[in-house]
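Engineer: give me coordinates for this.
(chains A and B)
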Number of protein chains: 2
Amino acid sequence: MKSLEARKRLLKGIFEGAVDAVSPYTAVKRYVKLSRAHILRAGTTTYDLRSYRHIICIGAGKGVCGMARAVEEVLGDRLDGGVVVTKYGHSLRLERIHVIEAGHPLPDRNGIKGAERIVELTRGLKRDDLVICLITGGASALLPAPPPGITLRDKQYTTRLLINSGADIGEINTVRKHLSRIKGGRLLKNLYPAEVITLIISDVVGNDPSTIASGPTSPDPTTYHHCMEILKRYGLLQRIPPSVRRYLMDGMRGKIEETPEPGNRIFKRCRNIIVADNLRALLTAKKMALRMGFKTLVLTSTLTGSTHQCAGFMGSIIKEIKCSANPIKPPACIIAGGETTLEVKGRGLGGRNQEFALVLAGIIDGLKGVTVLCAGTDGTDGPTDSAGAFVDSSTLRRARLKGMDWKRYLRENDSYNFFKNLGDLFITGPTGTNVMDMVVAFVE
Amino acid sequence: MKSLEARKRLLKGIFEGAVDAVSPYTAVKRYVKLSRAHILRAGTTTYDLRSYRHIICIGAGKGVCGMARAVEEVLGDRLDGGVVVTKYGHSLRLERIHVIEAGHPLPDRNGIKGAERIVELTRGLKRDDLVICLITGGASALLPAPPPGITLRDKQYTTRLLINSGADIGEINTVRKHLSRIKGGRLLKNLYPAEVITLIISDVVGNDPSTIASGPTSPDPTTYHHCMEILKRYGLLQRIPPSVRRYLMDGMRGKIEETPEPGNRIFKRCRNIIVADNLRALLTAKKMALRMGFKTLVLTSTLTGSTHQCAGFMGSIIKEIKCSANPIKPPACIIAGGETTLEVKGRGLGGRNQEFALVLAGIIDGLKGVTVLCAGTDGTDGPTDSAGAFVDSSTLRRARLKGMDWKRYLRENDSYNFFKNLGDLFITGPTGTNVMDMVVAFVE
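Structural biologist: Numbers count the residues shown, from 1 in each chain, chains lettered A, B, ... in the order given. Modelled structure (predicted):
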């Protein structure tokens, strides 16, 4: 059995390889290819570029610049131009696509400007125009586009009211989509009748294009009617700003166009392609672990639910491998991904990945030959500078030697300081992409 | 893809095979064998019966009679006699071992009598006596043996006080073990210096012999001191019956012998053998599923935590198999076991297995080719006559056709009536054994 440090290096290598496979640049390069100088292949569909007059590229997200650079490389001088919006400090120098930096996670005036630039650039497109639309995590906040007469502040106030009333994420998004000129398929409406290819890096469980960045090029089955029902349900109809109320009432009365519903002809002109997701990262991790000599299982890429409970289930599988060589024989590597939900009650510092690791530490305590990395693929876990943490069978013993009571750290949700004291944080810096979280466990 | 009814038959077959492998009779027969008329093999140890003067058999539990019958068959006339205590209605006719029926889950006077009979029968044993001790689920309640001066009612009152004060199961058991002449290794103390073989059917996660039936032949690291601390912690010292307080004080002052601690020489004369557990049932299920042509994974036999969250994790693995053929390709069979915890808030009827199934129904809704059985190996799930339930991709559709709102059933914890209406209950009657719960999922 190798040392903890040697194991950490292997796990770090797996994480880096997995994240690289879902980096915006790599992901686009994998799905979008040009052959014979005029055949563009995007996923399983081909486009003959000779039949298009203009080709432009738009998009938004924290990782959008890497995607845009790949598009520029593939299309070369066939690309006529474009605009993408990214977070402050996340831009790359591009040849033909204009980059605008804006606020995230809080939208700001630059975001509004960016959204306007995209709406302008795509006005009056024709059937023989081709739009490549790029979406990564953060796009929703980076493209605030309240409809005429509603200020960004009114819209944000409405969203906050809903959150505080206990509305669920589906209900909040229904209202949000109707208060936007981009979300809920409205961007695509603006692009019609141009041909549209939307390339998406998915940061949500299930990869539903209508959920990622609130689906700017996806159908929206909800209506103004639903919005009013939701606001009534939570007693907010008299509390939302008058501008918002007036707008939604007008929508109900048919004075404002609805978001495009499924089946609308505009969707015939658009293809949404997921170019990177959690599963892709996990499968890359699997390939690397196999090469290192581990029997490897990818359990799931759709982990949701309580962080503690998911860690418990994962821990029970690890224990089973040690006890009975099920589901596979050691040396085994078990991989899972998704996004768990951490209920924070304490005042400590941490994130769901670090806390997942801390819960696991309790389960694998003393179980020789187990080493686990829990990390966010974006390189950030909660409000910390760490992507996650390493744990092994010696974690709690080493903590005790330092006089640390791990249960106190758990109670206080202080996983960051726990792993900082042990030197077991996993610090990568921002990775430039985000396909949620991953757990990689060696069981030898 | 075969019909639901065909799939149910296969799952029923797997369940029956798995439960049969952990039935008290089969389990003992597998572990205990006689060769050359005098060599007794129990697990990996052999005993030369020629070196023992008397061989007796004692034990308790709901399934103890099946174990006792197997012991009689193996030892034949080498067995000198014995006493076992089982639940009312659970006795079998035995040749040499006396059966006493008593109350379960609430202990009663017959239980006290049974415990006394065992203590009497095993008094004054010598080094050349051999005791075979049989333990299955329920043994703890079936052998109430409060120490002299404490009534059963005093003891039960003390336990209830602890439960209502929020003491955890470890704390409750610490006090319980010290208020018993049998638990916490005290039965073994009574048997010393005889040779002891304890055969155990484990109904707890982790198979810790000191937890199963409160460990009558296992070491107990806790002391009278710990008992007093626990009672103080919950402010119960002045609320427990005076007889109990006096007894524990006497214990602290060294006037009463402690429960035997780990390392005590009496444990050199005893071997605790787990003859059946959840894993054995799961591995049998695996063998059967393989024979039916399914690629099969046993995920874990130590499932604990929230019923809903465990079902969520299981559901995410099933979805992954359908989406990406990970962790294994269809046709796949995924098996897991253990004991989850159901938080009951509604007023409906159900159990943790039926509710596990109901949660899964929501996750696999419409996912063709998925059929799952969730069931308790004892044939009972919660306060119902069902062992569990079947679900498949059509469960919710069929419920909707009957006008049933599955979420309401979930909110009301009314899984029993949900599955009863659909005809998807899994009713077996008592199986005569208990190694907790199992989930078997076909994904084709």
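Engineer: surely A:Gly59 is within a strand?
Structural biologist: Yes - looking at A:Gly59 with DSSP: H, G, I helix; E, B strand; the rest coil, it is inside a strand.
Engineer: so it makes contact with A:Ala68?
Structural biologist: Yes - contact between A:Gly59 and A:Ala68 holds when scored by Cβ atoms under 8 Å: they sit 6.5 Å apart. (C-beta placed from N, C-alpha, C; glycine too.)
Engineer: list residues touching both of the two?
Structural biologist: A:Gly82, A:Val84, A:Leu134 (Cβ atoms under 8 Å, 6 or more residues apart in numbering or on different chains).
Engineer: what about the second one, neighbour count?
Structural biologist: Neighbours of A:Val84 under the rule other Cβ atoms under 10 Å in any protein chain shown: 29.
Engineer: what packs against the helix or strand hosting it?
Structural biologist: According to DSSP states H and E, A:Val84 maps onto strand A:81-87. Under the contact criterion of 3 or more Cβ pairs under 8 Å, 6 or more residues apart in numbering or on different chains; DSSP states H and E, strand A:81-87 touches strand A:54-60, helix A:64-75, strand A:97-102, helix A:109-121, helix A:139-142.
Engineer: gap between the last one and the chain center?
Structural biologist: Taking Cα atoms, centre = their mean, to the nearest Å, one finds helix A:139-142 lying 11 Å from the centre of the chain it belongs to.
Engineer: check which helix or strand the residue in chain A that chain B sits nearest to maps to.
Structural biologist: Relative to chain B, the nearest point of chain A is A:Gln309 (3.5 Å; Cβ to the nearest Cβ). In the assignment (DSSP H and E), A:Gln309 maps to helix A:307-324.
Engineer: direction included, what does the first helix or strand past that helix going along the chain pair against?
Structural biologist: The helix or strand immediately downstream of helix A:307-324 is strand A:332-338, counting by DSSP H and E. Using DSSP bridges, strand A:332-338 pairs in its sheet with strand A:295-303 (parallel), strand A:437-443 (antiparallel).
Engineer: so how far is the first one off the chain centroid?
Structural biologist: What it means is strand A:295-303. Using Cα atoms, centre = their mean, the offset of strand A:295-303 from its chain centre is 19 Å.
Engineer: returning to what we had before: which one of the helices and strands packed on strand A:81-87 lies closest to A:Pro24?
Structural biologist: Minimum separation from A:Pro24 across the helices and strands packed on strand A:81-87 (Cβ to Cβ) falls at helix A:64-75, 3.2 Å.
Engineer: export that closest one as PDB, just CAs?
Structural biologist: Output in PDB follows, covering the C-alpha atoms of helix A:64-75 (Å, rounded to 0.1, in the frame of the first residue of the first chain):
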ATOM      1  CA  VAL A  64     -17.700  30.800 -22.500                       C
ATOM      2  CA  CYS A  65     -14.400  32.200 -23.700                       C
ATOM      3  CA  GLY A  66     -12.800  28.800 -24.000                       C
ATOM      4  CA  MET A  67     -15.700  27.600 -26.000                       C
ATOM      5  CA  ALA A  68     -15.600  30.700 -28.200                       C
ATOM      6  CA  ARG A  69     -11.900  30.300 -28.800                       C
ATOM      7  CA  ALA A  70     -12.500  26.700 -30.000                       C
ATOM      8  CA  VAL A  71     -15.300  27.900 -32.300                       C
ATOM      9  CA  GLU A  72     -12.900  30.500 -33.800                       C
ATOM     10  CA  GLU A  73     -10.300  27.900 -34.400                       C
ATOM     11  CA  VAL A  74     -12.700  25.500 -36.000                       C
ATOM     12  CA  LEU A  75     -14.400  28.100 -38.300                       C
END
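Engineer: which helices and strands sit right next to that helix?
Structural biologist: helix A:24-31, strand A:32-35, strand A:54-60, strand A:81-87, strand A:97-102, strand A:129-135.
Engineer: if we can go back for a sec, which positions in the strand holding A:Val84 come out as buried?
Structural biologist: A:Gly82, A:Val83, A:Val84, A:Val85, A:Thr86, A:Lys87 (16 or more other Cβ atoms under 10 Å in any protein chain shown).
Engineer: rewinding a little: the strands paired with strand A:332-338: which one's closest to B:Thr284?
Structural biologist: Among the strands paired with strand A:332-338, the nearest to B:Thr284 by Cβ to Cβ is strand A:295-303 (21.8 Å).
Engineer: got a list of contacts for the closest one?
Structural biologist: Contacts of strand A:295-303 (Cβ under 8 Å, 6+ apart): A:205-206, A:277-279, A:282-283, A:285-286, A:289-290, A:310, A:314, A:317, A:327-340, A:437, A:439, B:297, B:313, B:316-317, B:319-320, B:324, B:326-328.
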